[in-house]
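S.K.: Need the 3D shape of this:
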Amino acid sequence: MDILHARLGHTSYSKMQHIPVCKDLLSTFTSCETSIMAKMHRLPFNNSNISTTQSFQLLHMDLWGPYRVANVSGACYFLTIVDDFTRSTWTQLLQDKTQAVNAITQIFAMVETQFQTKILLVRTDNDTEFINGPLLDFLAEKGTLLHRTIVKTP
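M.R.: So this is what the prediction gives:
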């Protein structure tokens with residue numbers, strides 16, 4: 001019954017009662033964690049009052065992983081960087097979370113060299129890879145502000 005429920009797109013118990021094949025099997029139906037999580041919701045976020053007027057004024061960064069399957073070089077973490085103004089996106093593949101600081105310093109160097117500008121503000125979630133000492137020291141040295149949002153929140 002659980003497989004049928006999943007194949008029907010996690011349809012509700014009340015809709016499954018109308019399917020002839022399901023009527024006899026509904027007594028064996030257990031609650032589905034995916035269906036419960038899909039019905040959760042929260043209030044929308046307020047509109048942001050930050051408006052950028054040129055590239056690299058604000059970068060959004062997030063590190064996620066480990067992905068269940070590593071690539072051929074063994075990388076299973078992904079550092080995603082999005083420019084707020086242009087929505088240009090860079091993705092760095094990392095083998096370990098500790099490589100995030102090095103990848104971020106490389107992005108800063110690339111921006112300064114290729115675009116002759118500085119990154120003014122970085123926005124990240126409040127996860128540990130972004131609030132460690134080396135990264136905070138690097139951002140302070142560059143004069144870049146760090147804004148933190150709530151962990152696991154876009």
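S.K.: May I have the secondary structure class of the most centrally placed residue in the chain?
M.R.: Most central in the chain under C-alpha atoms, centre = their mean is Asp62, positioned 5.7 Å from the mean C-alpha point. Here Asp62 is recorded as strand under DSSP: H, G, I helix; E, B strand; the rest coil.
S.K.: give me the beta-bridge partners of it?
M.R.: Legend: beta-bridge partners of Asp62 under DSSP bridges are Thr80.
S.K.: quick one: contacts for it?
M.R.: Leu79, Thr80, Thr124, Asp125 (C-beta atoms under 8 Å, 6 or more residues apart in numbering). All C-beta atoms are positioned from the backbone trio N, CA, C, and that covers glycine.
S.K.: change it to 7 Å
M.R.: Asp62 is in contact with Thr80, Thr124, Asp125, counting by C-beta atoms under 7 Å, 6 or more residues apart in numbering.
S.K.: Counting neighbours, what do you get for the first one?
M.R.: Using other C-beta atoms under 10 Å, Thr80 has 13 other residues around it.
S.K.: Surely it and Thr91 touch.
M.R.: Yes: proximity of Thr80 to Thr91 meets the contact threshold set by C-beta atoms under 7 Å, at 5.4 Å.
S.K.: which of the residues in the host helix or strand of Val21 are buried?
M.R.: In the assignment (DSSP states H and E), Val21 maps to helix 20-23. For helix 20-23, burial by neighbour count (16 or more other C-beta atoms under 10 Å) applies to Cys22.
S.K.: Please save the CA atoms from it in CSV.
M.R.: Output in CSV follows, covering the C-alpha atoms of helix 20-23 (Å, rounded to 0.1, in the frame of the first residue of the first chain):
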residue,chain,number,x,y,z
PRO,A,20,-11.3,0.7,-6.2
VAL,A,21,-7.9,-1.1,-5.9
CYS,A,22,-7.1,0.9,-2.7
LYS,A,23,-10.4,0.3,-0.8
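S.K.: by contact count, what packs against it?
M.R.: Using 3 or more C-beta pairs under 7 Å, 6 or more residues apart in numbering; DSSP states H and E, no helix or strand is in contact with helix 20-23.
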